[in-house]
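Chemist: any chance you can model this:
(one chain, ligands or ions: 2)
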Amino acid sequence: MREAPLLDVSNLRVRFSTRHGRVEAVSDMSFTVDEGETVAIVGESGSGKSVTALSIMGLLDSGRIDEGSIRFRGEDIAAAGPKRMREIRGEEIAMVFQNPMAALDPLYTVGNQVAEAIRIHRDVTAAEARARAVELLKEVGLPDPERRARAYPHELSGGQQQRVVIAIALSCSPSLLIADEPTTALDVTVEAQILKLMRTLQREHGTALLFITHDMGVVAEMADRVVVMYAGQVVEQGTVEQVLGDPRNPYTAALLRSIPSPTISRDTLMPAIRGSVPNLLEMPSGCRFHPRCPQAFDRCGSEAPPLFSLPERRDSRCWSHDEPAAGLSSIQSGATGVS
Ligand SMILES: Nc1ncnc2c1ncn2[C@@H]1O[C@H](COP(=O)(O)OP(=O)(O)O)[C@@H](O)[C@H]1O
Ligand SMILES: [Mg+2]
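Modeler: Numbering: from 1, shown residues only. Ligands and ions are numbered 1, 2, ... in the order given. Coordinates of the predicted model:
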């Protein structure tokens, strides 16, 4: 029998009240993360990835979890109070965001901020916390950590700042690290270094990693399993080999098409998917992807496909799930916009 997953998100539904009415940012979202595993959530901007992450962290500001559960080691943390969530964030789940500058306090040295994070979790003296902070800064590959510990955030590069944020996240030895597009604000070379660092740390600490990205190239590099999201829903999930090697959803195939190849720079990203993610207030009938789908047929516009369970523990929300969703040439020829 399989062990219970570390994180089990089940039928999660998150709504926001806006001036224009209530919108559903995440609809009936289910996925799991096992101990020590790397799961990627991938999808275009606006598909509900960050709302999912913030729901797990208990950090949704104006949004509400209307349905579903988020079980962490069996405990439904979607129903936990703020005090319990603070404990969980301090001891079990940590998060790294896209913009490191927003996560750091400009008024304190980075050494101080890492040491402070350590003292929140561990009963240690100021000197011990300080020494441990320098060790952590060394572990995340900050050059000359003794000296850099005395620097203020603005004195570091974006990549170095993100290393500091990762050190703070690791200070509580979390069993789950959520990284929400941690390299999107960095240039490609620095991105590669940070991804390598996260892989190394994940392996050495045995931390489970929930890695959020819009980039299938990063999924291929980082993840064991992948959850593809579109317009607030899971549209496909499975192992990286299954989903990237034999996509059963045209949206996944389109995302794969948008991976920059070594010969094509990011600035000339191939137009891969026509149109954009639908406005939450004007969700299309039927399959949410059908207006943009090169393989759509009549039924897709009128009847929403359920998430079909396919053999070998993979799922696809597509009426055509039993045929390979390639049609790469048809997607390309239908392309009018950039993803
Ligand atoms: N505070 C909010 N109020 C209203 N709508 C929101 C709020 N936060 C996010 N949304 C909506 O939820 C949807 C998903 O957002 P998000 O999870 O940030 O997407 P992603 O991270 O995949 O780019 C978007 O349509 C966004 O406009
Ligand atoms: Mg986001």
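
Chemist: up against ligand 1, what does the stretch 201-339 of the chain have?
Modeler: residue 280 (C-beta under 6 Å from any ligand atom). From N, CA and C alone the C-beta is placed, and that goes for glycine too.

Chemist: tell me which stretches of the stretch 201-339 of the chain form helices.
Modeler: 216-222, 240-245, 250-257, 298-302, 328-333 (DSSP state H, counting those that start in this stretch).

Chemist: any idea which of these scores lowest on pLDDT?
Modeler: Per-segment mean pLDDT for these reaches its minimum on helix 328-333, at a mean of 39.

Chemist: sorry, back to before: ligand 2 is nearest to which of the helices of the stretch 201-339 of the chain?
Modeler: Ligand 2 lies closest to helix 216-222 among these, at 13.8 Å (C-beta to the ion).

Chemist: what lies in contact with that closest one?
Modeler: Outside helix 216-222, the residues that touch it by C-beta atoms under 8 Å, 6 or more residues apart in numbering are 38, 40, 42, 183, 195, 198-199, 209, 211, 213, 226, 240, 244, 255-256, 258-260.

Chemist: mind redoing it with 6 Å?
Modeler: 38, 40, 42, 211, 226, 244, 255, 256, 259 (C-beta atoms under 6 Å, 6 or more residues apart in numbering).

Chemist: how much space between the fifth one and ligand 1?
Modeler: Distance of residue 226 to ligand 1, computed by C-beta to the nearest ligand atom, to the nearest Å: 15 Å.

Chemist: thought that residue was touching residue 240?
Modeler: Yes. Using C-beta atoms under 6 Å, residue 226 is in contact with residue 240, at 5.5 Å.

Chemist: so for those two, which residue has more residues nearby?
Modeler: Each of residue 226 and residue 240 has its neighbours counted (other C-beta atoms under 10 Å); residue 226 has more, 29 against 19.

Chemist: next, the contact list for that one, please.
Modeler: By C-beta under 6 Å, 6+ apart, residue 226 lies in contact with 40, 219, 240, 243.

Chemist: would you list the buried entries among the residues you listed?
Modeler: Among these, the ones that count as buried by 16 or more other C-beta atoms under 10 Å are 40, 219, 240, 243.

Chemist: just checking, residue 39 is part of a strand?
Modeler: Yes. According to DSSP: H, G, I helix; E, B strand; the rest coil, residue 39 belongs to a strand.
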